[in-house]
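Undergrad: sequence? don't have it. structure:
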């Protein structure tokens, strides 16, 4: 087992969330925050990001207490990145009401000397030029995953291609996979993306689970069918964090390890959506997680071999 | 293994299909047709339905050749039930352009004496009063499943409740489960439906797979991620037929059998959508089916036990 923390680069933010259950202003958010909290369940994490002077020091202390190295979180003059969103009553769609990049507009990820040799690197959804900049600062990691979004797919296709050529895994949602490949059918879209670089592609489909395409074939992990969903914010980032938690903890990147890691990913996502912001991720215990995993696996366990009668 | 055919009651029809790949008029269709063809892969089926004078005798011969008993398909004066639909380019939605009930408007399912003791009974999506009428004509079967739709859920709630009290399994889609229960959350909706009678509820979600709720918990089967989808017509009925194929063939109704049967159901649905109408269901071989099942199961096979590291 490697003790090197998982290196996570991405946003640290404040979110103002308009949920069916109420309005929650100043909720701690950001992709890197969610991913790191999920990873820290099983393995140390290290965040590279930026916050403003308004960012609550207690929150950073809380992260540090979970074995999250926050030395790479720069504190800059100005305000923290802020996102305001409103969710539909069924939580299946959301509308961005306001985005204030603030200090994030000048984010130049700087990897400190002690962090330049990561085994596992998660490049959150930031400008592909910044993702490249991170890759240039580190010794080639054993396993690199990247997230991206339609904004970069359409706006920075060439830079994004350079990133894709250097990553082992791309994690996107179905719309992004379709836009990136120009192909509607997801298995075909994944194959086209694999040709751009990443040997593995994960396509997230929210409450409908996620598909993995790799050299061993196709794998599917469902979303845990929850009775109460409170706040989907950060679910995808928690998913990525849960995935890395398992890979780093077991020190494996094999197809079988990735398949198992997907259960950790989906379980982390399921806890995330049970609370406002990262509250449930922070409050869940290892025992809560173990119980969810057990019930989760029975969801697809058809028992023994299935022969055609 | 029981040799009693699976009894399937429902529509036999002609469909005029406007698909992205072309317009296909006079395609053989109907829920009972699709279900029976899927069932007949592993076990004899018996259809109770009605067709008009225009129905091609060769089609009936084709069904009979697949060990489908068609003695219960009444041939009545007039025309066969006809549905015309247009699918969206992505095949994920469709619009009904025309429905001509024709002889189906006077359908009174009559169970012939040699068919009145079924072990497995599938009540297709017909008026709940007709579903009740079928139940009155048979000795209590070992396992009864019913399909229904929003039209009956809102239009015939009381009669439908009487049906639900007598079935072992309800197969619906997510919208129908929500309307029937008045609950948006699917696990909660399923629990509410279980209280109406059926100990088991399957909620179909099309390309997103299906959920089973029963006394053993919750189970999920994905849809097979196909590279080419041609025509979704009849996929849900093929799914039900595939489910019954496995249960009848193995003579089991246990939670574990039902979980395995769901792979047959989903595999049958996956073949159905690969061709126009039931063409691919009819052309596939047992070997095709075996290969799909094998690759299908690897889709959720995470290998051995998954311990929290």
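TA: Perfect, thanks for sending it. It should be emphasised that the depicted structure is a prediction, and the values quoted were computed from it without experimental measurement. Residues are numbered from 1 along each chain as shown, chains lettered A, B, ... in the order given.
Undergrad: make it CA atoms for all contacts and neighbour counts henceforth
TA: Fine.
Undergrad: what residues does the stretch 201-309 of chain A put near chain B?
TA: With C-alpha under 8 Å from any C-alpha of the partner chain as the criterion, the stretch 201-309 of chain A comes near chain B at residues A:208, A:218-222, A:225-228, A:246, A:249-250, A:256, A:259-260, A:290, A:298-303, A:306, A:308-309.
Undergrad: in helices, which of these fall?
TA: When these are checked against helices (DSSP state H), the matches are A:246, A:249-250, A:256, A:259-260, A:290.
Undergrad: what subset of those is buried?
TA: Taking 16 or more other C-alpha atoms under 10 Å in any protein chain shown as the criterion, what is buried in these is A:246, A:249-250, A:259-260, A:290.
Undergrad: next, format these as TSV and append pLDDT.
TA: Below are these laid out as TSV (pLDDT from 0 to 100):
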residue	pLDDT
A:246	96
A:249	94
A:250	94
A:259	94
A:260	93
A:290	90
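Undergrad: I'd like the residues you listed written out as TSV, with distance to residue B:111 added.
TA: TSV is the format used below for these (distance: C-alpha to C-alpha, whole Å):
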residue	distance to residue B:111
A:246	57
A:249	62
A:250	60
A:259	49
A:260	50
A:290	52
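Undergrad: farthest-apart pair in those, please.
TA: Farthest pair in these (C-alpha to C-alpha) is A:259 and A:290. Separation: 17.0 Å.
Undergrad: quick check: closest non-adjacent residue to the residue nearest to the spatial centre of chain A.
TA: The centroid of chain A falls nearest to residue A:237 when counting by C-alpha atoms, centre = their mean (2.6 Å). Of all residues beyond its chain neighbours, the one nearest residue A:237 is residue A:35 (4.9 Å), with distances taken as C-alpha to C-alpha, 6 or more residues apart in numbering or on different chains.
Undergrad: can you get me a residue count around the one you found?
TA: By other C-alpha atoms under 10 Å in any protein chain shown, 33 other residues sit near residue A:35.
Undergrad: isn't it up against residue A:241?
TA: Yes - if you go by C-alpha atoms under 8 Å, residue A:35 and residue A:241 touch, sitting 4.0 Å apart.
Undergrad: on that earlier part again, looking at the ones in helices among the residues of the stretch 201-309 of chain A next to chain B, which is nearest residue B:103?
TA: Taking C-alpha to C-alpha as the measure, residue B:103 sits nearest to residue A:259 out of these, at 51.9 Å.
Undergrad: how about the contacts made by that closest one?
TA: Neighbour list for residue A:259: A:219, B:302 [criterion: C-alpha atoms under 8 Å, 6 or more residues apart in numbering or on different chains].
Undergrad: could you rerun that using 10 Å?
TA: Residue A:259 is in contact with A:212, A:218-221, A:243, A:253, A:265, B:299-303, counting by C-alpha atoms under 10 Å, 6 or more residues apart in numbering or on different chains.
Undergrad: in strands only, show me those.
TA: Applying DSSP state E to the contacts of residue A:259, the entries found in strands are A:212, A:218-221.
Undergrad: arrange these in JSON lines, one row each, with neighbour count as further columns.
TA: Below are the ones in strands among the contacts of residue A:259 laid out as JSON lines (neighbours: other C-alpha atoms under 10 Å in any protein chain shown):
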{"residue": "A:212", "neighbour count": "25"}
{"residue": "A:218", "neighbour count": "22"}
{"residue": "A:219", "neighbour count": "24"}
{"residue": "A:220", "neighbour count": "30"}
{"residue": "A:221", "neighbour count": "29"}
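Undergrad: save those as JSON lines, and put in pLDDT too.
TA: Formatted as JSON lines, the ones in strands among the contacts of residue A:259 follow (pLDDT from 0 to 100):
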{"residue": "A:212", "pLDDT": "98"}
{"residue": "A:218", "pLDDT": "95"}
{"residue": "A:219", "pLDDT": "95"}
{"residue": "A:220", "pLDDT": "95"}
{"residue": "A:221", "pLDDT": "95"}
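Undergrad: most widely separated two among those?
TA: Spanning the widest gap among the ones in strands among the contacts of residue A:259 are A:218 and A:221, at 10.3 Å by C-alpha to C-alpha.
Undergrad: give me the common contacts of these two.
TA: When contacts are counted by C-alpha under 10 Å, 6+ apart, residue A:218 and residue A:221 are jointly contacted by A:211-212, A:259, B:299-300.
Undergrad: follow-up on the earlier one: the residue nearest to the centre of chain A in helix, strand or coil?
TA: When classified by DSSP: H, G, I helix; E, B strand; the rest coil, residue A:237 comes out as helix.
Undergrad: residue A:54 now?
TA: Here residue A:54 is coil, with the state taken from three-state DSSP.
Undergrad: residue contacts, it?
TA: A:14, A:75-80.
Undergrad: for ChimeraX, what selects the buried ones among those residues?
TA: In ChimeraX, this line selects whichever of the contacts of residue A:54 come out buried by 16+ other C-alpha under 10 Å:
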select /A:14,75,76,79,80
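Undergrad: quick check, distance from the helix or strand of chain A with the lowest mean pLDDT to the centre of its chain.
TA: Ranking every helix and strand in chain A by mean pLDDT, DSSP states H and E puts helix A:286-297 at the bottom, with a mean of 90. Chain-centre distance of helix A:286-297: 20 Å, with C-alpha atoms, centre = their mean, to the nearest Å.
Undergrad: list the buried ones in that helix?
TA: Buried positions in helix A:286-297, judged by neighbour count with 16+ other C-alpha under 10 Å: A:289-290, A:292-293, A:296-297.
Undergrad: can you list the residues that contact it?
TA: Outside helix A:286-297, the residues touching it (C-alpha under 10 Å, 6+ apart) are A:41-42, A:221-225, A:260, A:263-264, A:266-268, A:270-271, A:281, A:285, A:299, A:301, B:217-220, B:300, B:302, B:305-309.
Undergrad: got the angle for that helix vs strand B:217-221?
TA: Calculated by axes from the mean of the first three to the mean of the last three C-alpha atoms, to 10 degrees, helix A:286-297 forms an angle of 60 degrees with strand B:217-221.
Undergrad: now for residue A:280, how many residues are close by?
TA: Number of residues near residue A:280 (other C-alpha under 10 Å) recorded here: 16.
Undergrad: quick check: it is in a helix.
TA: Yes - Residue A:280 forms part of a helix when assessed by three-state DSSP.
Undergrad: tell me who's in contact with it.
TA: Taking C-alpha under 10 Å, 6+ apart, one finds A:268, A:270-274 in contact with residue A:280.
Undergrad: now, which of these sits nearest residue B:55?
TA: residue A:270 (51.2 Å).
Undergrad: now the closest one: how far from chain B?
TA: Distance of residue A:270 to chain B, computed by C-alpha to the nearest C-alpha, to the nearest Å: 14 Å.
Undergrad: and that residue, what element?
TA: Here residue A:270 sits within helix A:255-272, counting by DSSP states H and E.
Undergrad: that helix vs helix A:286-297, what angle?
TA: 110 degrees.
Undergrad: which parts of helix A:255-272 are buried?
TA: Within helix A:255-272, judged by 16+ other C-alpha under 10 Å, the buried ones are A:255, A:257-272.
Undergrad: same check on stretch A:177-191?
TA: The neighbour-count check on stretch A:177-191 (16+ other C-alpha under 10 Å) flags A:177-178, A:180-181, A:183, A:185-191 as buried.
Undergrad: low-confidence ranges in chain A?
TA: Across chain A, the ranges flagged by pLDDT under 70 are A:1-2, A:304-309.
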